[in-house]
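A.B. asks: what would the 3D arrangement of this be:
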Amino acid sequence: MRYSIYIALISFTIFSCSGDNESDTTEEINQEEDVTSMDIPPEAIDEEIEVNEENDPDLEEDFNPDGDAEPFPIDKFPSDWIMLTDKNGDGEEMFIYNYCEAERPSFQIIPEKGENWTLFCAFGQDGDMFELQNFKAYQSERELFQVVEGSFDLIPVYGDKERHVVFWWNRDMAFGHFEGMSFGSNWFVPEEDIDNYEQVDEDCEGLWD
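C.D. replies: Numbering: from 1, shown residues only. Got it, this is the predicted structure:
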């Protein structure tokens, strides 16, 4: 069954940090334009996303500007997320793609003791393990939908490339958007909601001949 998503129902505002002077502000605006440019390959965009105080927003101010949002704890957040493929490239119709010789791209949040949890990314035939730190999120009502917005940091267990992820999750429409995860798509669905989406299988005929 096809599941149409009308992103226009939801308006999200991303706040940029400003510098101490005009030159710093101009430099940061130019960097933001470079990161969001469609002409830059995904690898280059990901390299610009680093964990530091300058691009780590004040979440309570950015995601709870009216003071009416409630903190959303990580232990209530879905643990398993499956990547969605954008059928027409317009963000309106998504489906789940099943590969012949690879797992579906996904990520899993694994509970740990203390504040730091583990996040495992499955990129088909490859995978990466991260320490998930600084999870902060708020839930509020947006255009009659219950929406959770927030961010977290990913510290690689193997390697040195840290990532800062900013996300929002529409609980009623059963999909989320995660910026900074380095998947082929930023759209994901909680595993318990995958029946809301069409599943398309890769054509495996003759693959093993």
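
A.B. asks: so who does residue 200 touch?
C.D. replies: 85, 95-98 (CB atoms under 8 Å, 6 or more residues apart in numbering). Yep, even glycine has a C-beta here, placed from its N, CA and C like the rest.

A.B. asks: at 6 Å what do you get?
C.D. replies: If you count contacts by CB atoms under 6 Å, 6 or more residues apart in numbering, residue 200 has them with 95, 97.

A.B. asks: gap between it and residue 130?
C.D. replies: 29 Å (CB to CB, to the nearest Å).

A.B. asks: what do you get for residue 196?
C.D. replies: 27 Å.

A.B. asks: which one of these two is surrounded by more residues?
C.D. replies: Applying other CB atoms under 10 Å to residue 196 and residue 130 shows that residue 130 carries more neighbours, namely 24 against 17.

A.B. asks: do you know the pLDDT at that one?
C.D. replies: The model reports residue 130 with a pLDDT of 94.

A.B. asks: show me where this protein has strands.
C.D. replies: Ranges of strands in the chain, per DSSP state E, are 3-4, 70-71, 80-83, 85-86, 93-98, 106-110, 117-123, 126-142, 145-156, 163-170, 175-179, 187-190, 198-201.

A.B. asks: redo those as a markdown table? Include distance to residue 63.
C.D. replies: As requested, the strands of the chain are exported to a markdown table (distance: least, CB to CB, whole Å):
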| stretch | distance to residue 63 |
| --- | --- |
| strand 3-4 | 26 |
| strand 70-71 | 10 |
| strand 80-83 | 19 |
| strand 85-86 | 25 |
| strand 93-98 | 24 |
| strand 106-110 | 19 |
| strand 117-123 | 20 |
| strand 126-142 | 5 |
| strand 145-156 | 4 |
| strand 163-170 | 8 |
| strand 175-179 | 14 |
| strand 187-190 | 19 |
| strand 198-201 | 31 |
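
A.B. asks: lowest-scoring secondary structure element of this structure by mean pLDDT?
C.D. replies: Every helix and strand in the chain was compared by mean pLDDT, DSSP states H and E; the lowest is helix 42-48, with a mean of 37.

A.B. asks: could you break the protein into its assigned domains?
C.D. replies: 17-48, 58-201 (automatic domain parsing).

A.B. asks: which of those domains has the lowest mean pLDDT?
C.D. replies: domain 17-48 - the lowest mean pLDDT of the domains of the chain, at a mean of 41.
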